[in-house]
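J.: Need a 3D model of the sequence below.
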Amino acid sequence: EVHLVESGGGLVQVGGSLRLACAASGFTFDDYGIGWFRQAPGKEREGVSCITSSGSSAYYAGSVKGRFTISRDNAKNTLYLQMNSLKPEDTALYYCARLTYSGIYLTDYWGQGTQVTVSS
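T.: As a prediction, the model looks like this:
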């Protein structure tokens with residue numbers, strides 16, 4: 001059974017940093033791309049960043065580019081998101097999700113999320 005478990009969220013001041021982790025199990029981790037998504041109160045879920053199965057390519061939403069860095073450790077079946085220079089608008093529930101590719105990338109499994117709150 002596929003499991004994705006996020007951790008590392010918390011309360012941080014503006015300009016601070018957090019590192020999120022997503023521990024994966026139940027599938028061959030390095031066969032899949034994987035990404036981070038977030039949902040703020042009253043807003044739709046949005047993509048933050050994703051990374052290919054090998055880790056050779058990564059993509060970022062414009063709002064986080066230059067501040068966030070996605071990475072993965074395939075030996076540890078873990079995805080990371082280093083978040084620097086955090087802003088109040090980064091406050092959200094952050095999820096990791098597995099990606100499948102059939103011409104386009106789609107998500108199929110999701111974690112339960114970890115809360116990030118940035119105080120001003």
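
J.: strands paired with the lowest-mean-pLDDT helix or strand in the chain, and their directions?
T.: When each helix and strand of the chain is scored by mean pLDDT, DSSP states H and E, strand 105-110 comes last, with a mean of 92. Here strand 105-110 has these sheet partners by DSSP bridges: strand 92-101 (antiparallel).

J.: Could you pull out the buried residues of the partner strand?
T.: Neighbour counts using 16 or more other Cβ atoms under 10 Å place 92, 93, 94, 95, 96, 97, 98, 99 of strand 92-101 among the buried residues. Where you see a C-beta, it was placed from the backbone N, CA and C, and this is true even at glycine.

J.: Could you dump those residues into TSV and include pLDDT?
T.: Compiled in TSV, the buried residues of strand 92-101 are given as follows (pLDDT from 0 to 100):
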residue	pLDDT
92	98
93	98
94	98
95	98
96	98
97	98
98	98
99	96
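
J.: Just the closest of these to residue 27, please.
T.: Closest to residue 27 out of the buried residues of strand 92-101 is residue 98 (7.3 Å), distances taken as Cβ to Cβ.

J.: In contact with that closest one, which residues?
T.: Each residue near residue 98 by Cβ atoms under 8 Å, 6 or more residues apart in numbering is listed here: 2, 4, 24, 27, 32, 33, 34, 107, 108, 109, 110.

J.: out of everything not next to it in sequence, what's closest to the most centrally placed residue in the chain?
T.: With distances taken as Cα atoms, centre = their mean, the chain has residue 36 as the residue nearest its mean C-alpha position (2.3 Å). Nearest non-adjacent residue to residue 36, counting by Cβ to Cβ, 6 or more residues apart in numbering: residue 48, 4.3 Å away.
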